[in-house]
Structures are given as C-alpha cells and as structure tokens.
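[1] Show me the folded form of this:
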Amino acid sequence: MKLHTLYMSTVLALSICLVGCGGDDDGTDDVGTNNPDIVACVGDSITQGYMCDGLPYPDRLAGMCGKSTINYGLGGMTSSYGVEIISSVLAKKPGYVCILFGSNDVIKGRDIEDFEANIRYIVQACKANSTIPVIATLPPMNKEHILFNGKAQKFSDVIVEIAKTENVRIADVRKEFGDGEQYINDDGLHLTDAGGELLATCFAKKI
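    Have a look, this model is predicted:
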C-alpha cells in the first residue's frame, strides 16, 4: 500500500512538471517540417535591442532555451511590418516565432482594430505553416511615454483575447513587468538590461 502511494505521488509530480514545462505532454512540440531549434523574433526596436544596456532579448533567449534565434526587430515598426515580413520569416522554417508588436502602433495612433487584424494574420500564418507562435503583451510605458500607457493596456487586452481565440501561447510581459520601474529605460519605452533579461525569460517559458 505504501509502495502504491509512493508510485502515485511520483507520477503526479512528473505530470505537474510536464504541464509546467510547456509543449506537448512528452516535452516536445509538433512543428511539422520546420526546425525546432530555430526561433524567429519579430518586432520593433525593443526586439532589435535599441538602448538596451546588454544583449537584445533574442540573444539572451538563445542562451536560455538552447536554440538558434533570428532577430527580425526593426526600430519604429508597427504590426503592419510583421504582416509584410512574415512570409519571408516563415520561409526560414523556424519552429517558433516570438511576436512583440504594439508599442509603435499605440504611439503612432494606429486603430486597435487594425492592430488586432495584423496580429491575427501573423499568428494564423504561423499556424498554417506548422510554426508555433508565441505572442507577447506590451511592456508598460512610463516617464515621458506615460500618456500612452493606458492605451498600451488596451492593446495588451486585445493580445490576450487573440491568444485565447486562436489557442496560442502568450508571454504576458505586461504582467511580469509590473510598473516597469526597473525594467524600462529613462525614455519610458525601451528596456534596461534587467528588462531585456526578463523579456527573454517570459518567452523562454513558452518555448
């Protein structure tokens, strides 16, 4: 009886571990004919690594998950840039695509409906390619960008809804960053070294 109880406890512990590690039940993901060891990161200057004291988050992510990362971040870009490049990104056969857009959509006054349509397009293109998309909520904005923070929250809410309806993984960056005090640079938008590390960690947990 004691051996049976010990066996069941061990099985339960292993089950909890597998669920918490992400991916399929056996710890792997079905990425079709894509390369499970390649992660493409699409986004704006935050992905590119502008103003970050250390490495851009895709470089940090590579070390965390043991996979090769390709950085498609480009400063000033909105979610429409992701729509433009996603076909060429997927042509590289990545197993995963990390998606972080929205800050420039907010700052440049893009309609939230257009933003939602763009993110859905990117996500659906990934799914059709058997590539696993991971979408991130927006980091908080503060200091000189504080006026945009409320709208950034609304855009993040849209991302959460997309993740639910498309049944895809989400890196809830906004939740993890809190008020962003130690993670956001003096411009109130770009990431500190600690912010880059935390962003990479948020994505790594989902890959």
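[2] Can you name the residues that contact the residue positioned nearest the centre of the chain?
    Centroid check for the chain by Cα atoms, centre = their mean gives A136 as the closest residue, at 3.8 Å. Residues in contact with A136 (Cβ atoms under 8 Å, 6 or more residues apart in numbering) are 98-100, 159, 170-173, 199, 202-203. Using the backbone N, CA and C atoms, a C-beta is placed for each residue, glycine as well.
[3] any low-confidence regions in this protein?
    Counting by pLDDT under 70, the chain has low-confidence residues at 1-27.
[4] what's the helix or strand for the closest residue to I132 other than its chain neighbours?
    Nearest non-adjacent residue to I132, counting by Cβ to Cβ, 6 or more residues apart in numbering: Y96, 4.9 Å away. Element membership for Y96, per DSSP states H and E: strand 94-100.
[5] From the chain's centroid, how far away is that strand?
    Remark: strand 94-100 is offset 7 Å from the chain centroid, using Cα atoms, centre = their mean, to the nearest Å.
[6] With just CA atoms, put the next helix or strand after that strand into PDB.
    The helix or strand immediately downstream of strand 94-100 is helix 103-107, counting by DSSP H and E. Presented in PDB, the C-alpha positions along helix 103-107 are these (Å, rounded to 0.1, in the frame of the first residue of the first chain):
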ATOM      1  CA  SER A 103       4.200  50.000 -28.800                       C
ATOM      2  CA  ASN A 104       4.600  51.900 -32.000                       C
ATOM      3  CA  ASP A 105       1.000  51.200 -33.000                       C
ATOM      4  CA  VAL A 106       0.000  52.900 -29.800                       C
ATOM      5  CA  ILE A 107       2.400  55.900 -30.200                       C
END
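[7] hmm, back to that, among the contacts of A136, which one lies nearest to I85?
    Distance to I85, by Cβ to Cβ, is smallest for I99 among these, at 11.4 Å.
[8] tally of neighbours for the closest one?
    Number of residues near I99 (other Cβ atoms under 10 Å) recorded here: 27.
[9] Does it touch A40 like I think?
    No: between I99 and A40 there is no contact, the gap being 9.3 Å when judged by Cβ atoms under 8 Å.
[10] quick revisit: next one: phi and psi at the residue nearest to the centre of the chain?
    Note on A136: its backbone torsions stand at phi -110, psi 140 [degrees, to the nearest 10].
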